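A.B. asks: Just to be clear, the model below is a prediction. Sequence and coordinates:
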Amino acid sequence: MPPGVPEGDHRRSVSTVRRPVRQRRPRCGRVALTVAATGPRSVEAIWADYTRPERWALWSPHLRAADTPFSPIRTGSVGRVHGVGGVRADFRVDDVDDHARTWGWTVTLGPLTVHLVHGVDDPSDGGTTAWVRIHGPLLVVAGYAPLMHWALHRLVTRNTTDGEIA
């Protein structure tokens, strides 16, 4: 017992010691997964397709269109993507680094939020690699990863002369 409080007195003593701020724990069931594909297209061509929303439906088979006034995208760009089956999701571009050829965005569909970071690398062994790091609920990431692998394969092999996929 603190000094001055009789042994039988069950009043709580007040402490002036501050408790440390509790760190926010990661949300349960959220994971991150990287998907990549390597192909013959140039870094510049892939970066152009990655950063121009009007081109997303050309290589991403699950998207039909993207509505945004910003092309190429830039930090703070907002819009909506339209997917197969009438699915519509809002997005906000969190950052774009043209020099590093990376960009990140947050996509929201109802209560679901997924953060994606995209990039383009020029490996020393030839070809160009497009990749995406998907952060989100386990089931969403697990279901979305195969679609993104297919989309990235199309992105790195797209034939730009006639707009078709090679």
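C.D. replies: Looks like it came in fine.

A.B. asks: Could you use CA atoms for every contact and neighbour count after this?
C.D. replies: Fine.

A.B. asks: so who does the spatially most central residue of the chain touch?
C.D. replies: Geometric centre of the chain, nearest residue: residue 116, 0.8 Å, by Cα atoms, centre = their mean. Going by Cα atoms under 8 Å, 6 or more residues apart in numbering, residue 116 touches 104-107, 132-135.

A.B. asks: ok, it to residue 133 distance?
C.D. replies: When Cα to Cα, to the nearest Å is the yardstick, residue 116 and residue 133 sit 6 Å from each other.

A.B. asks: Please verify my assumption that residue 32 contacts residue 140.
C.D. replies: No. Look at residue 32 against residue 140 with Cα atoms under 8 Å: they stay out of range, at 10.6 Å.

A.B. asks: what residues do these two have in common as contacts?
C.D. replies: Common neighbours of residue 32 and residue 140 (Cα under 8 Å, 6+ apart) do not exist.

A.B. asks: Not counting the longest helix that the chain contains itself, show me its contacts.
C.D. replies: If you go by DSSP state H, the chain has its longest helix at helix 138-157. With contact meaning Cα under 8 Å, 6+ apart, helix 138-157 is reached by 29-33, 35-41, 46, 49, 59-62, 128-132, 134-135, 165-166.
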